[in-house]
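Asker: dropping the sequence and predicted coords here.
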Amino acid sequence: MRNIKNISEKRYLIDYANIQAGIIKYQKNFLNEDQFYDFVKNAYKGFPLLLPLGLRSFDYSNCKSLFFVNKNFFYKKIYLINNRRKINYLDKIINIPEWYCTGAVPKEKFKKYVKTIIRQNLFIKNKIYYLKKKFSNLIAFQTRNIPHYGHQKIIEYLLSSFNCVVINPLTGMKKKGDVKSNILEKIFRILIKNNYSKRNIFYLPIIANSFYAGPRESLHHLNLREMLGFTNFIIGRDHAGVGKIYNPLDAYNFCKKYKKKFIIKPFLTKGAYYSKISKTVEINKKKTKKNSIINISGTVFRSYIRKKKIYSFASPLLQEYIHKIKNKIFY
């Protein structure tokens, strides 16, 4: 990645590599216009991977077709938002082009990079294949956040329902403010060593992009995990969301609506929270009295980490380790 200066170039090279690796369920290439509108009509197909014009890393000499997609239409149909304030917020996070083509391929000097991504992701897919042989019931858990007590409660809950849990984050392009992938891995490995050393829990990241598309992206994630070989995948509160673009249970409800379209089984949870009544962290919030719970916030936790303060709803030992990290923690 260091040899590629433009972030958008990396994003589309990663998408291309994953299509070529065969882990994007409904795509054998970047979509053409008809295929894109088929994705629009069939939400269960997930997030459409398109190739914009003008990338320096791609050779467009064999471009087969060109087509235009209005940015506002893309936000309305794929991101499921039609609010100008929210669109403006997303515009600052992720670039949505309007002209696309099919048939272009990476230039020769970028092919080695593409092959590296393919090789790494197929290596992870192979590991999952062997885990399935060893464990009859395993589930994938995705996160892009530093683990707090809410994450730990969910992991423990999964371990009580499945005999193997795979922490399976995406390590492709992310937005500014997200945890760096190498830092996230170090932190999770410390967590696993300190808390789950005798449990069947593994950290197996894959190189794939985040799109911050909430409900629609949750289905994209289901398809991706199905193609990797998982039989179960957890989708919880504000899955693939960003800021306050979506309501906390939008992805949860969207996935519930389409779950019969998938071979992989979505394991749905409403997330974790702290109960003032039981004085414990609980999951799958039921009807409770107003102000009787505290939502455990990854956003608040990140702000504490930046200030090197201890957050009440995360492991103090883990936070002490994080505060000693000298490298930059966030993108």
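Answerer: Ah, there it is.
Asker: and the helices in this protein?
Answerer: For the chain, the helices defined by DSSP state H occupy 7-20, 33-41, 71-77, 84-91, 111-134, 149-161, 181-195, 214-228, 250-258, 298-306, 316-323.
Asker: buried ones in the shortest one?
Answerer: Just to be clear, that refers to helix 71-77. Neighbour counts over helix 71-77 (16 or more other CB atoms under 10 Å) mark 74, 75, 77 as buried. Any C-beta I mention is one placed from the backbone N, CA and C, and that applies to glycine too.
Asker: kindly report the same for the first one.
Answerer: Residues of helix 7-20 classed as buried by neighbour count (16+ other CB under 10 Å): 8-20.
Asker: elements contacting that helix?
Answerer: Helix 7-20 sits against strand 105-106, helix 111-134, with contacts defined as 3 or more CB pairs under 8 Å, 6 or more residues apart in numbering; DSSP states H and E.
Asker: in CSV, list the buried residues of helix 71-77 along with distance to residue 110.
Answerer: Listed next are the buried residues of helix 71-77 as CSV, based on distance: CB to CB, whole Å:
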residue, distance to residue 110
74, 26
75, 29
77, 30
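Asker: could I get the residues you listed as TSV with pLDDT and distance to residue 291?
Answerer: Output for the buried residues of helix 71-77, formatted as TSV (pLDDT from 0 to 100; distance: CB to CB, whole Å):
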residue	pLDDT	distance to residue 291
74	97	39
75	97	35
77	97	38
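Asker: related to what we said a few turns ago, out of the helices and strands packed on helix 7-20, deepest packed?
Answerer: Mean neighbour count (mean count of other CB atoms under 10 Å) peaks for strand 105-106 among those, with a mean of 20.
Asker: check contacts around residue 324.
Answerer: Residue 324 is in contact with no residue at all, counting by CB atoms under 8 Å, 6 or more residues apart in numbering.
Asker: next one: residue 294
Answerer: Counting by CB under 8 Å, 6+ apart, residue 294 touches 273, 274, 276, 313.
Asker: show me what the second one is bridged to.
Answerer: By that I understand residue 274. Beta-bridge pairing for residue 274 (DSSP bridges): residue 281, residue 294.
Asker: pull the contacting residues for it.
Answerer: 149, 280, 281, 282, 293, 294, 295, 296, 313.
Asker: let me know the pLDDT of it.
Answerer: Note for residue 274: predicted pLDDT of 90.
Asker: going forward can the numbers begin at 438, since that is how I track them
Answerer: With the count now opening at 438, the last piece we talked about shows up as residue 711.
Asker: so residue 599 makes contact with residue 669?
Answerer: Yes - the criterion here is CB atoms under 8 Å, and residue 599 meets it with residue 669 at 6.6 Å.
Asker: could you chop the protein up by domain?
Answerer: Structural domains annotated on the chain: 444-551, 555-760, as defined by automatic domain parsing.
Asker: dump the ones you listed to JSON lines, plus distance to residue 767.
Answerer: Formatted as JSON lines, the domains of the chain follow (distance: least, CB to CB, whole Å):
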{"stretch": "domain 444-551", "distance to residue 767": "14"}
{"stretch": "domain 555-760", "distance to residue 767": "6"}
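Asker: top of the contacts of residue 731 by number of neighbours, please.
Answerer: With neighbours defined as other CB atoms under 10 Å, the most crowded of those is residue 710; it has 23 neighbours.
Asker: pLDDT score assigned to the nearest residue to that one once chain neighbours are set aside?
Answerer: Once flanking residues are discounted, residue 710 sits nearest to residue 730: 4.7 Å by CB to CB, 6 or more residues apart in numbering. For residue 730, the model assigns a pLDDT of 88.
Asker: which ones are touching residue 730?
Answerer: Contacts for residue 730 were tallied using CB under 8 Å, 6+ apart; they are 710, 711, 712, 713, 722.
Asker: now the third one: how far from residue 674?
Answerer: Going back to what we said before, that points to residue 712. Distance, residue 712 to residue 674, by CB to CB, to the nearest Å: 15 Å.
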